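# next come a sequence and a model predicted from it.
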Amino acid sequence: MKKISAVLITKNEEHNIERCLNSLKFADEIVVYDTGSTDRTVEICEKNNCVVFKTDKWDGFGIAKRTAVSFASNDWVFVIDADEEVSEALNYYLESFKKNENTLYAYRIKRTSYYLNKRIKYSGWQRDYTLRLFNRKHANFNEKIVHESVVCTTPIGHVKALLLHYPYPHLQIHINKTMLYAKLGGQQAFDKGKKSGVCYAILNGISKFLKMYIFNLGFLDGKEGLILAINSAFSNYLKYVYLWEKREGKNG
């Protein structure tokens, strides 16, 4: 029978972490790689019998998740974020998965997300399948600073049992993450030699809004869909303004 390690990186997640850990019923071990929490995150993880590793160094999300995967005792890993929760149906699937033979080494999991505590059914989020279950001998994370992903050269399966996602329960959390991801995204684009301008940034923001709210039917998600589209558009705009700022040398 296969064993699966649940793996996650954390930083100041005391408001999320217990819900996440309590949902990992399938896991044969839980590996937590904490990147400098100053709240009760580590304490909660240790109380829940997690294997905890700590660092104050930050090289980006991709490297952090690669490092966390390397700490697992098992080759099969399920990578989860602190603001996510494994549904009962997904737990059942993973328990069965451990007992069955398989011919694939990586699987995308259907994820449904909530925004301001409302389930988002449109806005482009309805097609969210994220690669989280894999054998680390055949797949692993790339080293992107932000918007990291798992690289796999073998065929990938799909699992319809849900992974639940609660990324933005409050507007302030979305605003904070917008600033962080926009800066990291701008830096990543700068490192790749990409260019930007103010007009380009504005057009990217408008394009993001139209895509989410109109073409991906975000208007059917009500006022939450409108707020989500506006904030996502601003994040896109901000990323390219940060890139422009760095290119122009205006950030000192």
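Great, that's in hand. Numbering: from 1, shown residues only.
# report the backbone C-alpha coordinates of stretch 208-228 in CSV.
Backbone C-alpha positions of stretch 208-228 (Å, rounded to 0.1, in the frame of the first residue of the first chain) are rendered in CSV as follows:
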residue,chain,number,x,y,z
LYS,A,208,-8.3,41.1,-16.8
PHE,A,209,-11.6,42.7,-15.7
LEU,A,210,-13.4,42.0,-19.0
LYS,A,211,-12.1,38.5,-19.1
MET,A,212,-13.3,37.7,-15.5
TYR,A,213,-16.5,39.7,-15.3
ILE,A,214,-17.8,39.4,-18.9
PHE,A,215,-16.3,36.5,-20.8
ASN,A,216,-16.0,34.2,-17.7
LEU,A,217,-19.5,35.2,-16.5
GLY,A,218,-18.3,36.8,-13.2
PHE,A,219,-21.4,39.0,-13.2
LEU,A,220,-23.3,35.8,-12.2
ASP,A,221,-21.4,35.7,-9.0
GLY,A,222,-23.2,38.8,-7.8
LYS,A,223,-21.5,41.7,-6.0
GLU,A,224,-18.7,39.4,-4.9
GLY,A,225,-17.9,38.6,-8.5
LEU,A,226,-17.7,42.3,-9.3
ILE,A,227,-15.4,43.1,-6.4
LEU,A,228,-13.2,40.1,-7.3
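# average pLDDT for it?
The average pLDDT within stretch 208-228 is 98.
# same question, stretch 26-37
Mean predicted confidence for stretch 26-37 is 98.
# okay, buried residues for stretch 72-83 please.
Judged by neighbour count using 16 or more other CB atoms under 10 Å, the buried positions of stretch 72-83 are Ala72, Asn74, Asp75, Trp76, Val77, Phe78, Val79, Ile80, Asp81, Ala82, Asp83. Every residue, glycine included, has its C-beta placed from N, CA and C.
# show me where the stretch 1-150 of the chain has its strands.
4-10, 29-34, 51-54, 76-79, 84-86, 106-115, 118-119, 129-135, 139-141, 150-152 (DSSP state E, counting those that start in this stretch).
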